[in-house]
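Asker: Structure for this input, please:
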Amino acid sequence: MSTHDDEHGSSTDPRYQPPQQYGQPPQYGSGGQQGQPYGGQQYQPSPHGPGQPQVQPHGGSGYPQYGQPGGYGQYPPQGQYGLQYGQYGQYGGQYGPYGQTAVPARPAPVVVAAVLGFVFSAVGALTALGLLLGGALVGTVLEDVVASDPTLSDVDPSEIGEVTDFALLFGIGFGVLALIWTALMIWGSVRALTGRSRVLLLVGGAIAVAVTGLFLLAVLSEVATGGVGGGEVVFSLLVFLAALAIVVLLCLRPAAQFYAAHRARRAGR
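Answerer: Next up, the predicted model:
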């Protein structure tokens, strides 16, 4: 074969590469695209034969440049992220904010203590009404008794006036105190049932324990002299135990956990 044929055949051979000029990057293969991103590049057969890796031209690494969108996967628009996260957030709206606890159920000791508080408040209201009416009417009743009984005709009217004034002050004073205690028991029972606080009902129950305890001691002191019977003693003992039950029930562990849960729930709001 002649030299002309060799040159012509070499130029038409697809594997033939012209000599590289100085300063130009070498080119391996004829189908690659410089800077084509990963994922969008198609496979090109290597002109060097099977098993030979296709090398990118000098200066083109095949990876996207900094600041240019790459071909590693299309990122969704920014608004789609907000839409997706908004859809995920809808589940939280159904179940309530994170960290919010459910309303704890009322334990039996709290309910019983509150019911006893309402019962004692009703007794206190009746007692307050009786004291106020008794203090206002005792003077008139005493004057009628003195006027209708001849044996009391020598009683000094000034002494009757002093007794009347004392009875009036006693009735009004203790009647007002009974009203205050009644309001304390009612408000304390309401707050105890709602889980707000048990302090008011504890204070009212402690006052009831003190008063009924004194009443029980007075009744027991009359038993020795025969002034009272067994019925009065049993009634006084039951009233004292009911007042004591208010304090004891509110100090039990279920009641303490109930109010602690309500405090934690209010603090988490």
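
Asker: residues in contact with the host helix or strand of Leu216?
Answerer: Following DSSP states H and E, one finds Leu216 within helix 199-223. Counting contacts by C-beta atoms under 8 Å, 6 or more residues apart in numbering, the residues outside helix 199-223 that touch it are 113-114, 117, 120, 181, 184-185, 187-189, 191-192, 228, 232-233, 236-237, 239-240, 242-244, 246-247, 250-251. In this view, the C-beta of every residue, glycine as well, is placed from N, C-alpha and C.

Asker: Can you say which of those are buried?
Answerer: The neighbour-count test (16 or more other C-beta atoms under 10 Å) applied to these identifies 113-114, 117, 120, 181, 184-185, 187-189, 191-192, 228, 232, 236, 239-240, 242-244, 246-247, 250 as buried.

Asker: Show only the entries of those residues found in helices.
Answerer: Judged by DSSP state H, helices contain the following of the buried ones among the contacts of helix 199-223: 113-114, 117, 120, 181, 184-185, 187-189, 191-192, 232, 236, 239-240, 242-244, 246-247, 250.

Asker: Could you tell me the per-residue confidence at Pro47?
Answerer: Among the per-residue scores, Pro47 shows a pLDDT of 52.

Asker: let me redo that: Tyr66
Answerer: Predicted confidence (pLDDT) at Tyr66: the value is 51.

Asker: Low-confidence ranges, this protein, go.
Answerer: Judged by pLDDT under 70, the chain has its weakly predicted residues at 1-103, 152-153, 269.

Asker: Sketch out the strands for it, chain order is fine.
Answerer: Remark: strands of the chain are absent; assignment by DSSP state E.

Asker: for it, what spans make up the helices?
Answerer: Going by DSSP H, the chain shows helices at 3-12, 78-95, 108-148, 157-194, 199-223, 230-250, 253-267.

Asker: now for the longest one, which elements pack on it?
Answerer: In this case it means helix 108-148. Counting by 3 or more C-beta pairs under 8 Å, 6 or more residues apart in numbering; DSSP states H and E, the packing neighbours recorded for helix 108-148 are helix 157-194, helix 199-223, helix 230-250, helix 253-267.

Asker: Including distance to Leu126, could those go into CSV?
Answerer: Formatted as CSV, the entries for the helices and strands packed on helix 108-148 read as follows, by distance: least, C-beta to C-beta, whole Å:
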stretch, distance to Leu126
helix 157-194, 9
helix 199-223, 14
helix 230-250, 13
helix 253-267, 28
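
Asker: and of the ones you listed, who's closest to Pro107?
Answerer: Closest of the helices and strands packed on helix 108-148 to Pro107 is helix 253-267, at 3.8 Å (criterion: C-beta to C-beta).

Asker: just checking, what packs against that closest one?
Answerer: The helices and strands touching helix 253-267, judged by 3+ C-beta pairs under 8 Å, 6+ apart, are helix 108-148.

Asker: burial of Asp154, as a residue count?
Answerer: By the measure other C-beta atoms under 10 Å, the count of residues near Asp154 is 6.
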